[in-house]
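S.K.: coords below, sequence missing:
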């Protein structure tokens, strides 16, 4: 156990964290949402008011809005000499990695058994989704099967992303960002018929907003019939593998980046993990797919593929680091398999790959030894676990559509099925259909500068551009 | 790899056009299939069979036109709270994760994760915020919700 888990209180981890936090001046803002500085946090800790992350949140408001700085709060506590518990929550004294090891070793299949054997109380919104994620990669099965359904965060429970007014957004998978004309027409028809606001995502997909809980099965019936499957935008799971057009179209491409991206996305789709996973594949070093801002990024070379790991955008942007160069396709895929499964087994809850790698004693060199030189003797087990994932993948939405019990969850009122939620209203927001009320922000209005931000009406038939030699 | 190729035989990229053609393919909001039961004179509303409530999860029901979240805990206790999350203004509490904090049964709002005590409706993070609670009981296997308590 202690061999493969990240060193919970290892000197290297504390060393790395301490250097990062200690280097910041007291005036450095840790929580941007509530403007809380490192000095304010340190004062709360020094006064004895806060000795845990929840106490620090309660007395300073830091980390109570978007939550992005919560991991940093733990580091501030550590740098002030407070020992931070690795316990998952009040119901489990062990860390996520330790609990994962236990569930893997014991073969326990349900939250109730795991709680009875290794926890206390009834569980909460921290440990339940964490255990659900572990069971997804260990016990398998549908996330809405039996007791598992009760463990899921609301997004996994509805297999869609809850937005601020309680409606959902829907993202079908477009492997590698590819979509056919017919596919676009099918998605467009769904958006039109259900009145959904559509937007292109940063991961080369199409997000459709404003679906009521009751609409989701009918929306997905249409999407599944049109050949689409769940994009897992709602899950702590593989999201997208973004790609450039590579050798198919680009004069500079040196490998088939689209084909690689599609293959990787289809291989890892549905993989539940400690946090979301994003990827990208670029067909040459110009890096149009921005693969180095991904949890795992692949960049083509003349001789094969370079693999970068531990990148992300978001609150603390990180460039991925080069793990290994010039891999052939088979070795590339095997290395990513092991990297992802090692991460799934040993990361903390909601820890992206960059902080996970930082927490590994020995960092990227250690990671390379584990997954390329098998220094821990676990590669066969990692390979087997990923093979099982790939074998057992099934589209979650197609499975729901075939199961009346699961479909019954998608109703606003159990005593009035079919009655739409009367609290949901939309308004026109400078041409966009958005939830009514609740947010203070005003629509961006630049008319005082003579700039019209109202979108032009969508053309029914687009203008044509004359082609050919001028007359 | 046939990116952008007009080849619709690959399983994940097959998009039959039949699903987007014609009026019957359109899917407007359906009429309600089961109207709310008429109000009773004794102040209780029958909402669903007990089996419809999965332990450690909630459902939403309509009581006198108000959305009410009904929860069943592992020990078969029932609780009912108004479904409106006071922090977000959205009608979503029934879709939160049920559990306990220090032994008190709670639901976590699915939007900003504040916890509400199922018994009292008090927000754990800010006890000045209280969600209305409703009496709830089981009669002959049917869950009934009373007027706002």
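M.R.: Cool, the structure landed. Here the structure is a predicted model, which means the values were calculated and not measured.
S.K.: Quick one: the strands in the chain, in order.
M.R.: Since you didn't name a chain, this refers to chain A. For chain A, applying DSSP state E gives strands covering A:29-31, A:36-37, A:161-162, A:168-170, A:197-200, A:206-211, A:238-243, A:277-282, A:296-300, A:305-309, A:321-327, A:426-429, A:432-435.
S.K.: that's the other chain; I wanted chain B
M.R.: Under DSSP E, chain B gives strands at B:45-49, B:57-63, B:66-72, B:78-82, B:97-101, B:104-108, B:115-117, B:122-123, B:126-130, B:133-134, B:136-139, B:142-145.
S.K.: Check which helices and strands the fifth one sits against.
M.R.: In terms of contact count using 3 or more C-beta pairs under 8 Å, 6 or more residues apart in numbering or on different chains; DSSP states H and E, strand B:97-101 is assigned the packing partners helix A:127-138, helix A:148-151, strand B:104-108. In short, each C-beta sits where N, CA and C put it, glycine included.
S.K.: looking at these, which is buried most?
M.R.: Compared across the helices and strands packed on strand B:97-101, helix A:127-138 shows the largest average neighbour count, a mean of 25 (mean count of other C-beta atoms under 10 Å in any protein chain shown).
S.K.: Give me the neighbour count for residue B:63.
M.R.: By other C-beta atoms under 10 Å in any protein chain shown, the residues close to residue B:63 number 25.
S.K.: Select the longest helix from chain A.
M.R.: helix A:329-346 (DSSP state H).
S.K.: Output the contacting helices and strands for it.
M.R.: helix A:96-106, helix A:257-268, strand A:296-300, strand A:305-309, strand A:321-327, helix A:353-359, helix A:363-372, helix A:379-392.
S.K.: Quick one: closest of those to chain B.
M.R.: Closest approach to chain B among those is made by helix A:257-268 (2.8 Å; C-beta to the nearest C-beta).
S.K.: now what about that closest one, what contacts it?
M.R.: If you take C-beta atoms under 8 Å, 6 or more residues apart in numbering or on different chains as the criterion, helix A:257-268 is touched by A:173, A:175-178, A:238, A:240-248, A:277, A:279-283, A:289, A:298, A:300, A:305, A:329, A:333, A:336, A:340, A:389-390, B:1, B:3, B:12.
S.K.: returning to that earlier point: how about the strands of chain B in CSV, adding distance to residue A:424 and mean pLDDT?
M.R.: Below are the strands of chain B laid out as CSV (distance: least, C-beta to C-beta, whole Å; pLDDT from 0 to 100):
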stretch, distance to residue A:424, mean pLDDT
strand B:45-49, 21, 96
strand B:57-63, 12, 96
strand B:66-72, 11, 97
strand B:78-82, 16, 98
strand B:97-101, 22, 97
strand B:104-108, 20, 98
strand B:115-117, 21, 98
strand B:122-123, 23, 98
strand B:126-130, 22, 95
strand B:133-134, 22, 97
strand B:136-139, 25, 96
strand B:142-145, 22, 97
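S.K.: Tabulate these (TSV), appending distance to residue A:189.
M.R.: Shown next, in TSV, are the strands of chain B (distance: least, C-beta to C-beta, whole Å):
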stretch	distance to residue A:189
strand B:45-49	35
strand B:57-63	30
strand B:66-72	31
strand B:78-82	37
strand B:97-101	35
strand B:104-108	37
strand B:115-117	40
strand B:122-123	43
strand B:126-130	43
strand B:133-134	42
strand B:136-139	43
strand B:142-145	40
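S.K.: Give me the buried subset of the contacts of helix A:257-268.
M.R.: Burial by neighbour count, judged by 16 or more other C-beta atoms under 10 Å in any protein chain shown, picks out A:173, A:175-178, A:238, A:240-248, A:277, A:279-283, A:289, A:298, A:300, A:305, A:333, A:336, A:340, A:389, B:1, B:3, B:12 from the contacts of helix A:257-268.
S.K.: Do you know the pLDDT at residue A:11?
M.R.: On the pLDDT scale, residue A:11 is placed at 41.
S.K.: Repeat that for residue B:7.
M.R.: 41.
S.K.: just residue A:17 next, same as before
M.R.: Taking residue A:17 on its own, its pLDDT is 45.
S.K.: which of the residues in the longest helix of chain A are buried?
M.R.: A:332-346.
S.K.: pLDDT averaged over that helix, what's the number?
M.R.: Mean per-residue pLDDT for helix A:329-346: 98.
S.K.: Between helix A:363-372 and it, find me the angle.
M.R.: Interaxial angle, helix A:329-346 versus helix A:363-372 (axes from the mean of the first three to the mean of the last three C-alpha atoms, to 10 degrees): 110 degrees.
S.K.: First-to-last residue distance for stretch A:299-307?
M.R.: Using C-alpha to C-alpha, to the nearest Å, one end of stretch A:299-307 lies 7 Å from the other.
S.K.: touching chain B at all, that stretch?
M.R.: No - applying C-beta under 8 Å from any C-beta of the partner chain, one finds stretch A:299-307 separated from chain B by no less than 13.1 Å.
S.K.: Please enumerate residues in contact with that stretch?
M.R.: By C-beta under 8 Å, 6+ apart, the residues outside stretch A:299-307 that reach it are A:246, A:253-255, A:257, A:260, A:281-285, A:287, A:291-292, A:296-298, A:308, A:322-329, A:332, A:335-336.
S.K.: Sweet, I'm off.
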